[in-house]
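[1] Predicted structure and sequence below. I'll ask about it afterward.
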Amino acid sequence: MDSRELLAKVVNTTDIGSGGGGILNPKQANRFIDFVVDQSVLVADARLIRMNTPQQDIDKTNIGTRIMRKATEGVDDGVNVDPTFSKINLTTVKMRLDWELTTEGLEDNIEGTSLEDHVASMMARQTSNDLEDCFIHGDKTSTDPLLKSLDGWRKLARANAHVVDVAGQNMSRLVFDRALRNLPNKYLQRRSQLKWYTSSTLLQDYLWSLSLSTDFGATFGSGAGQIAQGAAGLGLGEPIVNNGIGGGQGGAANGINGAIRPFGIGILEVPLMEEIELGSYSGATGASHGAVDLTFPDNRIVGIQRDIQVFREFEPKKDAIEYTQFVRVANQIENADAWVAVKNVKTRTL
């Protein structure tokens with residue numbers, strides 16, 4: 001079943017009850033959640049919690065480090081190690097989406113009555129995009145009607161995780177190096193499970209820095225992160241530019257020149273990560289700054305409550321069909337200590 005067929009089922013009155021609306025049954029709700037997740041980039045990479053109630057606690061257990069000790073035969077030293085227990089709270093907020101179609105629009109459109117299903121599919125895709133945007137950039141102090149719903153991962157990380165300020169540096173190996181040096185060593189035991197997250201432009205800037213040669217300009221970046229013409233590693237330029245290597249999914253594998261993995265860690269390209277932040281360092285100019293995150297995928301938690309509602313109602317006075325969709329969502333960071341948030345990364349000036 002493709003996305004249009006799925007959304008046609010979601011908004012069909014025979015599926016959501018008489019009267020044109022109501023709570024989706026568990027099977028429909030799960031399929032709707034699956035569709036929203038599949039249409040996203042970052043949410044699909046996160047840990048998804050399907051919630052049955054508005055609030056849910058996730059238990060955490062921490063043992064600590066160096067808890068073993070030398071034993072002396074026949075001696076009970078009376079030392080016991082107590083695990084530390086804590087909880088992560090997920091509390092959902094209610095989100096809504098409204099749209100309408102006029103009868104004339106349905107009759108006169110080239111798609112005819114199938115336009116209704118097509119628009120429903122588009123709205124569900126937009127639901128996915130808006131939720132991901134809010135999970136990233138949400139800020140309860142914002143005046144934006146979407147972003148004020150909850151505090152997103154960027155705000156949560158900058159308040160609780162390890163924050164690295166590169167103060168206007170362009171995207172280069174310096175940014176990745178500084179992030180790694182600020183991640184506690186105990187998490188590097190799981191290096192293969194870590195992942196970089198950044199925006200499309202900053203990823204392009206990094207690939208550009210690798211492809212520098214006499215054909216692409218003399219230098220890239222500034223200060224300690226500047227890369228000069230002829231610097232080590234510029235031999236990657238040909239396969240990056242011409243062979244399609246790099247990008248959010250790593251591109252095609254061509255021996256040692258396969259996926260671009262800074263310091264052995266893969267990159268996920270997240271197009272919705274903004275690159276329009278004002279710099280917060282001395283001398284910053286322009287709203288042209290982005291961010292880079294380093295963490296484990298399951299460190300991001302998304303909660304979606306199963307009580308999803310889609311209402312469909314015909315308004316005779318307007319000669320239009322009105323739709324109202326409600327969904328309840330939450331997000332959290334499981335372990336802020338295993339997260340490095342890099343800010344003030346300047347996008348390359350063209």
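    Nice, I can see it.

[2] In stretch 194-214, which residues are buried?
    Across stretch 194-214, burial judged by 16 or more other C-beta atoms under 10 Å covers 194-213. To be clear about C-beta, it is placed using only N, CA and C from the backbone, and glycine gets the same treatment.

[3] Just the residues you listed: which are in helices?
    Among the buried residues of stretch 194-214, DSSP state H puts 200-210 in helices.

[4] for the record, mean pLDDT for stretch 157-169?
    The average pLDDT within stretch 157-169 is 96.

[5] Endpoints of it, how far apart?
    Terminal residues of stretch 157-169 are spaced 20 Å apart (C-alpha to C-alpha, to the nearest Å).

[6] Can you give the contact residues for it?
    For stretch 157-169, the surrounding residues in contact (C-beta atoms under 8 Å, 6 or more residues apart in numbering) are 174-175, 178-179, 182-184, 221-225, 279-284, 289, 293, 295, 333, 336-337, 339-346.

[7] Provide a complete list of residue ranges assigned to strands in the stretch 1-150 of the chain.
    Shown for the stretch 1-150 of the chain, the strands assigned by DSSP state E, counting those that start in this stretch span residues 21-23, 47-51, 55-62, 84-91, 93-102.

[8] What does Ala161 show for phi and psi?
    Torsion angles at Ala161 (phi, psi; degrees, to the nearest 10) stand at phi -90, psi -170.

[9] Can you give me the neighbour number for it?
    Here the number of neighbours of Ala161 (other C-beta atoms under 10 Å) works out to 23.

[10] The closest residue in space to it that isn't next to it in sequence and Lys155, how far apart?
    Nearest residue to Ala161, sequence neighbours excluded (C-beta to C-beta, 6 or more residues apart in numbering): Trp339, at 3.8 Å. From Trp339 over to Lys155 the distance is 13 Å, taken as C-beta to C-beta, to the nearest Å.

[11] now Thr141
    Thr141 is 9 Å from Lys155, by C-beta to C-beta.

[12] more crowded one of these two?
    Lys155 (19 against 8).

[13] So among the ones in helices among the buried residues of stretch 194-214, where is pLDDT lowest?
    Leu210 (75).
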